[in-house]
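Colleague: Here is the input, now give the coordinates:
(2 chains)
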Amino acid sequence: MRNVYLIVAVLAAVGAALGLWAYLTSTSGVDGTSGALIAFLGALAVALGALVALMDLPRWAQITLDVLLVLGAVLTAVAAWFLMQTFFTIVMALAAIVLCAGFVVAGRNSKHHGEAGA
Amino acid sequence: MRHLAAMILAALAGPAAAQQATWTGFHGDPGSRKFSAAESFTPEAAARIERAWEYRTGDVSDGSGERPATIWSATPIYANETLYLGTPFYRIIALDPATGTELWSYDSQSTLEALTQPGLKNRGVAYWESGESGECEKRVFLGTMDAELHAVDADTGQPCADFADGGILNVNQWNDVNDVFPFSLLQPPTVAGDLLLLGWAGADWEYSAAPPGNLLAIDARSGELVWEASFIPEELIRSTGTANIWTAMTVDLDLGMAYVPVSSPSPNYWGGNRVDPIPLATSTTAIDLETGEIAWSFQHIRHDIWDYDTPAAPQLVDIERDGGTVPALVQTTKQGFLFVLDRRTGEPLFPIEEIEVPQSDAEGEATAATQRVALTPEPTNHPFEMPQTWWLADLTGAGQCSREREQYRYEGLYTPPSEQGTFLYPGTAGANNWGGAAVDDRIDILYVNSMRVVQVIRLIPRETYNEVAGESGAEQGYYPQEGAPYGIELTEWRNWLGLPCWEPPFGTFSAYDLRSGERLYEMPFGMAQYSGFYGFRDWGTPTLGGPVVTAGGLVFIGASMDARVRALDARTGEELWSDLVDAPAVANPAVFTHDGVDYAVFAVGGNPILTPGVSDQVVAYRVSD
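Modeller: Predicted coordinates:
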């Protein structure tokens, strides 16, 4: 999962940069709005959360963080979509997809390891 | 199909299409048709519309500093091969229409305080020419916040010394009755031959006895007062006021008539001080340009206690009927009614119905028993029943909207303001406002945008008003109505998240066949935007500012809260092109032909009724080669 979190961190960081651009740039159509600020903070939180997820965490904390990361990425992607920020939407949707795909792959791997161990 | 056939006929025939497209007045021409003879703006060419140039006036304030916020709705004027702008800092700027290069500017040195309205407002300049050559034979006029009318030479920007006092007319000299506030000249004068027709703006909702509305006809050359028309009966002048003209007017030089949209009397939301009839208030009134005598008047609301001012200049159109042609006008209204009148007599061309209306329980109030409504053409915004409660706002507000729907008084259109709170639908900015409609009089089709906003108006007894009154601005908040037994609180009906409690669409765009009165289409228009988040397209947007229709078959319009300017297919209302600008482009665009190239120019100023964004941007568009 380490690579997954790294990819998500990068995607979300790109999203945060796009969100900040949208918040600050007059040609974005959403500059200075609370919506753009919220979306930027959402992407930033996902990026930071993905970096935290790289650390060794208790299982309950890891699961909680994983759920929050998926929720954060999806909700930020939705927010970016309603802000009509296409690239921002795409990178956050990708982050959510990568996370979900990573969980699926990790789940299968652990299942295989479990079966092999048995 | 009939509309399509008419459009084809117009394209084949139209003498208007052969005309040079100018834009010499606020609504394009003296008849306020907002029709441009520009032919290159066609539905087929919409995808090739591009920015020709962009210019910034530098005259902008968001209100965070010492200066009040700017509220800029200036329609550019194209005349004398030049583009003229008024700014909210009360300067005139002359631009090269092909490049946007500044040719000259003139600073009126107006005070930049919000003396009357809640911001530095300006709707542009007026242009007049004598037909002779020489200095100041072509003039540009600018009104200011402190009620000065400035006249400058259209070629140089130098003051015209023969106009009033060195080029400056003090209009406040005629503010001598109930002068509780000064006049402000925020709307440019309407030019009628050699006359300047001048209304003024004051402080809304502040006083019961206020300056009585009047129309001043000024000699464009000398600045002398030629005649004055008043709209409040002499015996009521000391107790009430306004019924002023704060918006543009329409002129028919052939009939020698001015058509004047008169506003409501004061105070706006209680009328116990003016229970006797004021027949000219909230009306369209025809005035003889020669004498200033009132030829006829059509009152839209009796005893107006909703601030449903007649908000826009009527559109002149000669309607084909029974094998002949009837000189008519179409008056858009805040209520959403389209009154189509014979402009010679004021007689309605479609049936007008009289309906019983709810009665007031406010102290001293005497509501009119009935009101006149126009059902044909169909109103622009379904005014008889406010929109249903929006499930999304109700859900996210945990039932707040449903509870409030039960709490406030509402018995249909013209439900009076009350102490318990009354739903005001349409809201105070109306279904239609100063933007008015556009008409293609080759085919007698009218194009109009409309908004659906629900507000809550609450009368607050005088004895408690000062204790509860809070802030005001952007046509919301607390206002004292001094001299009345009630102050008011006016709010938009939203849930705690800020979502509108009424269901979309919030704004539409429609076309009407004025021969039959039939609505040809009604489309959601633009996108609503709250906290940056856009709504779905079928939600539409509240709008301020109006459309322009072109001979090529495109309609240009800004007006939306999502800061887009758009081109629509006049045949269907379908959006064919849009461009993001800095703020809502609430000014009517100017569409004209210069050196053989058609331009559509938008002044982008914003308006706090829609969103807080402001700008000083001017953008010109053309069709690329």
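Colleague: When you work out contacts or count neighbours from here on, use the C-alpha atoms and nothing else.
Modeller: Will do.
Colleague: Where does A:F88 sit: helix, strand or coil?
Modeller: helix (DSSP: H, G, I helix; E, B strand; the rest coil).
Colleague: How about the one 3 residues further on?
Modeller: Each residue gets one of three states, and A:V91 gets helix by three-state DSSP.
Colleague: mean confidence for stretch B:615-625?
Modeller: Here stretch B:615-625 scores 96 as its mean pLDDT.
Colleague: How far does that stretch sit from its chain's centre?
Modeller: Put simply, stretch B:615-625 sits 23 Å off its chain's centre (CA atoms, centre = their mean, to the nearest Å).
Colleague: ok, that stretch near chain A or not?
Modeller: No. Counting by CA under 8 Å from any CA of the partner chain, chain A has no neighbours in stretch B:615-625; the shortest distance is 10.2 Å.
Colleague: What are the contacting residues of that stretch?
Modeller: B:40-41, B:45-46, B:48-61, B:72, B:582-583, B:597-606 (CA atoms under 8 Å, 6 or more residues apart in numbering or on different chains).
Colleague: And the contacts of stretch B:417-424?
Modeller: Residues contacting stretch B:417-424 (CA under 8 Å, 6+ apart): B:269-270, B:305-306, B:360-362, B:407-410, B:415-416, B:454-461.
Colleague: From those residues, which land in helices?
Modeller: Taking DSSP state H as the definition of helices, those contribute B:Q407.
Colleague: Separate out the buried members of the contacts of stretch B:417-424.
Modeller: Buried members of the contacts of stretch B:417-424, scored by 16 or more other CA atoms under 10 Å in any protein chain shown, are B:269-270, B:305-306, B:360, B:362, B:408-410, B:415-416, B:454-461.
Colleague: what about the residue lying closest to B:G364 once chain neighbours are set aside, neighbour count?
Modeller: What sits nearest to B:G364 in space, not counting adjacent residues and going by CA to CA, 6 or more residues apart in numbering or on different chains, is B:G272, at 4.8 Å. Counted with other CA atoms under 10 Å in any protein chain shown, residues neighbouring B:G272 total 20.
Colleague: Could you list the low-pLDDT ranges of chain B?
Modeller: B:1-20, B:472-475 (pLDDT under 70).
Colleague: Show me the helices in it, by range?
Modeller: B:2-12, B:391-396, B:400-407, B:462-468.
Colleague: Next: chain A.
Modeller: Going by DSSP H, chain A shows helices at A:2-24, A:34-53, A:59-82, A:86-117.
Colleague: where does chain A have low pLDDT?
Modeller: Low-confidence segments of chain A (pLDDT under 70): A:111-118.
Colleague: What parts of it come near chain B?
Modeller: A:26-27, A:29-31, A:33-36, A:79, A:82-84.
Colleague: Apply 7 Å and report the result again.
Modeller: A:26-27, A:29-30, A:33-36, A:82-83 (CA under 7 Å from any CA of the partner chain).
Colleague: Could I have the buried ones of the residues you listed as ChimeraX selection syntax?
Modeller: Per 16+ other CA under 10 Å, the buried members of the residues of chain A next to chain B correspond to this ChimeraX selection:
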select /A:29,30,33,35,36,82,83
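Colleague: any chance you could map the strands in the stretch 151-300 of chain B?
Modeller: Here the stretch 151-300 of chain B has its strands, by DSSP state E, counting those that start in this stretch, at B:168-170, B:190-192, B:195-198, B:214-219, B:225-230, B:250-252, B:257-262, B:283-288, B:294-299.
Colleague: Can you tell me which of those is nearest to B:G532?
Modeller: Closest approach to B:G532 among those (CA to CA): strand B:257-262, 35.5 Å.
Colleague: Run a quick neighbour tally on B:P348.
Modeller: By other CA under 10 Å, neighbour count at B:P348 equals 17.
Colleague: Can you name the residues that contact it?
Modeller: B:340-342 (CA atoms under 7 Å, 6 or more residues apart in numbering or on different chains).
Colleague: so who does A:A53 touch?
Modeller: When contacts are counted by CA under 7 Å, 6+ apart, A:A53 touches A:5, A:62.
Colleague: Mind doing that once more with 8 Å?
Modeller: A:5, A:62, A:65-66.
Colleague: any idea how far B:P311 is from B:K334?
Modeller: 7 Å (CA to CA, to the nearest Å).
Colleague: Overlap in contacts, these two.
Modeller: B:432-433.
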